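> Next input, structure requested:
(chains A and B)
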Amino acid sequence: MTPRRIVIVGASLAGLRTADSLRANGFTGELVLIGDEPHEPYDRPPLSKAVLAGRTGTDRLFLPSAQDLNARRLLGVAATGLDLAAGEVRLADDRRIGFDRLVIATGSRSRPWPVPGEAALRGVHLLRGREDADRIRADLTAGPRRVLVIGGGFTGSEVASSCHDLDIPVTVALRGAAPMASALGEAVGTAIGARQRAHGIDLRVRTTVTALHGDAEGRLRRVWLSDGDELEVDVAVVALGSVANTEWLAGCGLAADPRGVECDAAGRAMGLDCAVVPDVYVAGDVARWRHPHFDAEPQALQHWGNAVDQAEVAAHNLTHRHQRPATALPAFWSDQFGLNVKSVGLPHLADQVVLTQGSFERGPFVAAYGRGGITVGAVAVNSPRVLDGYAALITERAPFPPAINATDSPADATVLSAGSNSAESSGPALTTVHGGQS
Amino acid sequence: MTSTQPYPAAAAYGRLLDQANRHDPYPYFAELAGEPIQRLAEHRWVVSRHADITALLRDPRLSAQDDVDPEGPAGSDGKPFRGPFLMLDPPHHNTLRDQTMHQFMPRIMGMGPRIEAMVARLLDRQAGTGPGEFDVVTALAYPLPVGVICELLGVPAEEEPVFHSFASRLTRALDPVESLTEQEIAELQVTRADWRDYLMPMIARRRDRPGPDLVSGLLTDGDPETRMNTVELATTLGLLLIAGHETTVNLITNGTLALLRNPDVLDRLRADPGLAPAVVEEALRYDPPVQQTSRRATADVRIADQVVPAGDQVVILLGAGNRDPRRFAEPDRFWPERPGNAHLAFGGGVHYCFGAALARMEGQAALSAIATRLTRPRLVADPPPYRANMLLRGPEELRVGFDAVTG
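Numbering: from 1, shown residues only, chains lettered A, B, ... in the order given. Next comes the predicted model:
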């Protein structure tokens, strides 16, 4: 039966692309797009980069639709509940919106600073939406003495890079052994960290923030770090990862928790009994699923490209009898400190990593990642145009380490441990890498 | 017939190389694309489909340089110099290409109006109220890119004919060696030596008295540690000349030919100059100036169900990929409005066409002017005669009749 009304909860990339793709697939029924932000859908990757650095404004981040969506937009109102039996979404203003099919694309939000009094200080920010970026930008243009970035993942690293672009002194404190280690592993994270330091960033690994202190006006002025140091800081950006927006699904019968909503590769939501729930699809950051290519636990892939792929798969499956799984290899990128970091596959699953092109120390490089002797991922730094070759290796489950033998391949590449298992000192970055050799 | 061929694809490939088929290689491309990968010879393969080509152009296991250890002068990286960056792998490829790009891009950014003015001047020579005909190749397609490159390099107008002559003679060097006669190979060596003799004094002059041109920029700008040396500079300039010249000639000529064979598109372009970018993209897909490229596998590479062993050569048929029905709806239709025109005319990966932006500017200016200034243009001969070059394929001349050329 062709659905008459499809309701999409979440009006960011995944939601918009689902709507777009539904129309492209010939869906002519009623389309409702619900979003808790008051804005038209906008693009988030520039927030931590071009917006903070002042190269663009948050009013210029529109996500274009390829189609005339002809959708009813309920923006600025959050969904607060789901009644599967009645086929209704409940909104914050108590309205109930009925659906024949539902797409859950509510995304995720930044994990807040755990101490509420400190989190409320002026100058302490999260970075997720337009308003966050505008507030941080305003603080950065006010000429802060120093910015503290708490967390060294992609967002934290990009924020630090933007501060560096603005010639603002910046300290990055992260609990792990290297920036982006949870995504890229310690070896590659350490190599990138060394380059961040070369730009003059005060990068402190295995360091946590023990306290944020404000002045009498409630403005952040000083921070304490676990290494005993004490810094004069006017701005702190908390970049400690994300939490899925699933509270509105509490008690509805779906397998939803702070890690996401579980779904199969076709995007179909799963119930608490692990069975597919009819007519409900999940896409984007909020989707927690098992990518068919990788032998791994269900996981949320919070990448721009994944949101697009899953949106297209959900739209296809909403309009076709044949259910297509999402099979595109995950890929993401980050721009920071003049480096383009691009990944394909799932490097974070790896137990081993090997440098396959270039050098960790300088210039472009590519590293391949292996798990159980199979190539599962690759990361290219300033070398994005070679990654299709690695995608082919990952697709064919090529043995690890893969044979590349390119002109810029190192003559004697050593297979390293990929993970962050090392308790050794952060020291000069690369000694840690070699200390992790297996 | 084919049963005597050890490799059936070699016969279709042979027909591609055959001058008799130069005017329309597409049936043979289609024949070769019947399989994703086929063997042409003992260590030589051919790949024809869009998806495979796209992936292979971005695969570091496919090298653009030959595996022969070079002899001769050293490059700026201290290793023996191997040739133009088109035929080098990273990392030295990137060092040379990035420097050149750094000089090239800012200089072409504002060139649009000057390119349009050059096109206008060239067509002014044909202007008149009466019927007549002219050869698009000699009147427009050839002089335009020569003029542009001479301006970029700071070559005085009176030396343009010299450049023109070098461009056409050096271009044969890019054809598959097996399609060249021994005499042609010998002539090429002489031409290369002449080219160097011509360039060296020019480089020396720029070194003494740098100007605003690209050559002076390459000689004086950037990090002296990694700056290209004179041999590399001369080679790079040769590359810009050949790769940026003959290709643009073919883009303009092939595009004009396609427009004249598809009068409905010509009418739409005349009515809407905003269609020019799409027309150029479609011309690049429909009849690409560069028809093929090749790579050497540095490791065993799986392509479809075949493992190409390390060391083997892979011929990549860009012209076939551009007509792949798996990627393009109605691939044989010249249709500028087609959605998602991800053509392969500029290649891909680290060797993605260096001059793509400039080629687009020149192509758009030329095809727009053809559409708007010629009254009732038509082909005098269809098909036109083609040059021998197979890799950079295009008409030798393209005579176009008209009722008038407006001012």
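> Please, which helix or strand holds A:Trp333?
Secondary structure assigned from DSSP states H and E places A:Trp333 in strand A:331-336.
> B:Pro106: neighbour count?
The number of residues packed near B:Pro106 is 11, by other C-beta atoms under 10 Å in any protein chain shown. To be clear about C-beta, it is placed using only N, CA and C from the backbone, and glycine gets the same treatment.
> Can you check my assumption that it lies in a helix?
Yes: under DSSP: H, G, I helix; E, B strand; the rest coil, B:Pro106 sits within a helix.
> which residues touch it?
Residues counted as contacts of B:Pro106 (C-beta atoms under 8 Å, 6 or more residues apart in numbering or on different chains): none.
> For it, give its distance to B:Asp221.
In this view, B:Pro106 and B:Asp221 are 11 Å apart by C-beta to C-beta, to the nearest Å.
> Kindly report the same for B:Ala329.
From B:Ala329 to B:Asp221 the distance is 46 Å (C-beta to C-beta).
> what do you get for A:Tyr369?
38 Å.
> Show me which of those two is the more surrounded one.
A:Tyr369 (31 against 14).
> so that one sits in a strand?
Yes: counting by three-state DSSP, A:Tyr369 is part of a strand.
> For the chain, which element, helix or strand, carries the lowest mean pLDDT?
Just so you know, I chose chain A. Every helix and strand in chain A was compared by mean pLDDT, DSSP states H and E; the lowest is helix A:429-435, with a mean of 27.
> wrong one, chain B
helix B:160-171 (a mean of 82).
> For that one, enumerate the helices and strands it packs against.
helix B:143-153, helix B:182-208, helix B:230-261 (3 or more C-beta pairs under 8 Å, 6 or more residues apart in numbering or on different chains; DSSP states H and E).
> Run a quick neighbour tally on the closest residue to A:Ala265 other than its chain neighbours.
Spatially, and ignoring its direct neighbours in sequence, A:Ala265 is nearest to A:Pro325 (3.6 Å; C-beta to C-beta, 6 or more residues apart in numbering or on different chains). Taking other C-beta under 10 Å as the criterion, the count of residues near A:Pro325 is 15.
> Which strand or helix spans the residue of the stretch 201-350 of chain A found nearest chain B?
For the stretch 201-350 of chain A, the residue closest to chain B is A:Val344, as judged by C-beta to the nearest C-beta, at 10.6 Å. In this structure, A:Val344 sits in strand A:339-345 according to DSSP H and E.
> Who does that strand pair with, and is each partner parallel or antiparallel?
Partners of strand A:339-345 in the sheet, by DSSP bridges, are strand A:331-336 (antiparallel), strand A:374-381 (antiparallel).
> Pick the most buried one from these.
strand A:374-381 (a mean of 26; mean count of other C-beta atoms under 10 Å in any protein chain shown).
> immediately after that strand, which helix or strand?
Using DSSP H and E, the helix or strand that follows strand A:374-381 in sequence is helix A:387-395.
> So which elements touch that following helix?
Secondary-structure packing of helix A:387-395 (3+ C-beta pairs under 8 Å, 6+ apart): strand A:339-345, strand A:365-371, strand A:374-381, helix B:50-57.
> mind running it again at 6 Å?
strand A:339-345, strand A:374-381 (3 or more C-beta pairs under 6 Å, 6 or more residues apart in numbering or on different chains; DSSP states H and E).
> near chain A, which residues of chain B show up?
Proximity of chain B to chain A is confined to B:55, B:58-61, B:89-91, B:298-299, B:302, B:349-350 under the rule C-beta under 6 Å from any C-beta of the partner chain.
> Most widely separated two among those?
Spatial extent of those (C-beta to C-beta) is set by the pair B:Pro91 and B:Arg302 at 25.8 Å.
> the more surrounded of these two?
B:Pro91 (19 against 14).
> Secondary structure element holding the residue in the stretch 101-250 of chain B that chain A sits nearest to?
In the stretch 101-250 of chain B, the residue found nearest to chain A is B:Thr226; the distance is 10.5 Å by C-beta to the nearest C-beta. Using DSSP H and E, B:Thr226 maps to neither a helix nor a strand.
> nearest residue to the residue nearest the centre of chain B other than its sequence neighbours?
Central residue of chain B (C-alpha atoms, centre = their mean): B:Thr247, 3.1 Å from the mean position. Using C-beta to C-beta, 6+ apart and skipping the chain neighbours, the partner closest in space to B:Thr247 is B:Pro289 (4.2 Å).
> First-to-last residue distance for stretch A:104-112?
23 Å (C-alpha to C-alpha, to the nearest Å).
> now that stretch, how far from the chain's geometric center?
Remark: stretch A:104-112 is offset 10 Å from the chain centroid, using C-alpha atoms, centre = their mean, to the nearest Å.
> What residues of stretch B:106-114 count as buried?
Using 16 or more other C-beta atoms under 10 Å in any protein chain shown as the test for burial, stretch B:106-114 gives B:Arg107, B:Ile108, B:Met111.
> Run through who's touching stretch A:302-316.
With C-beta atoms under 6 Å, 6 or more residues apart in numbering or on different chains as the test, stretch A:302-316 has contacts from A:13-14, A:17-18, A:21-22, A:25, A:103, A:267, A:281, A:283-285, A:287, A:324, A:326, A:328, A:330-332.
> Would you mind listing the buried residues in stretch B:355-375?
Applying 16+ other C-beta under 10 Å to stretch B:355-375 flags B:355, B:358-371, B:373-374 as buried.
> Okay, and which of those residues map to strands?
B:Leu374 (DSSP state E).
> Surely A:Leu102 forms part of a strand?
Yes: per three-state DSSP, A:Leu102 lies within a strand segment.
> Span of stretch B:26-38 from start to end?
Terminal-residue distance, stretch B:26-38 (C-alpha to C-alpha): 17 Å.
> I misspoke; the intended subject was stretch A:139-147.
10 Å.
> what's the answer for stretch A:58-78, then?
For stretch A:58-78, the end-to-end distance is 21 Å (C-alpha to C-alpha).
> That one and chain B, are they touching?
No: against chain B, stretch A:58-78 shows no contacts by C-beta under 6 Å from any C-beta, the least distance being 8.9 Å.
> Report the buried residues of that stretch.
Buried-residue list, stretch A:58-78, by 16+ other C-beta under 10 Å: A:Thr58, A:Leu61, A:Leu63, A:Ser65, A:Ala71, A:Leu74, A:Val77, A:Ala78.
> about what we covered before: show me the contacts for the residue of the stretch 101-250 of chain B closest to chain A.
B:Thr95.
> and if you look at A:Leu220?
Contacts of A:Leu220 by C-beta under 6 Å, 6+ apart are A:Leu121, A:Gly123, A:Val124, A:Leu212, A:Gly214, A:Ala236.
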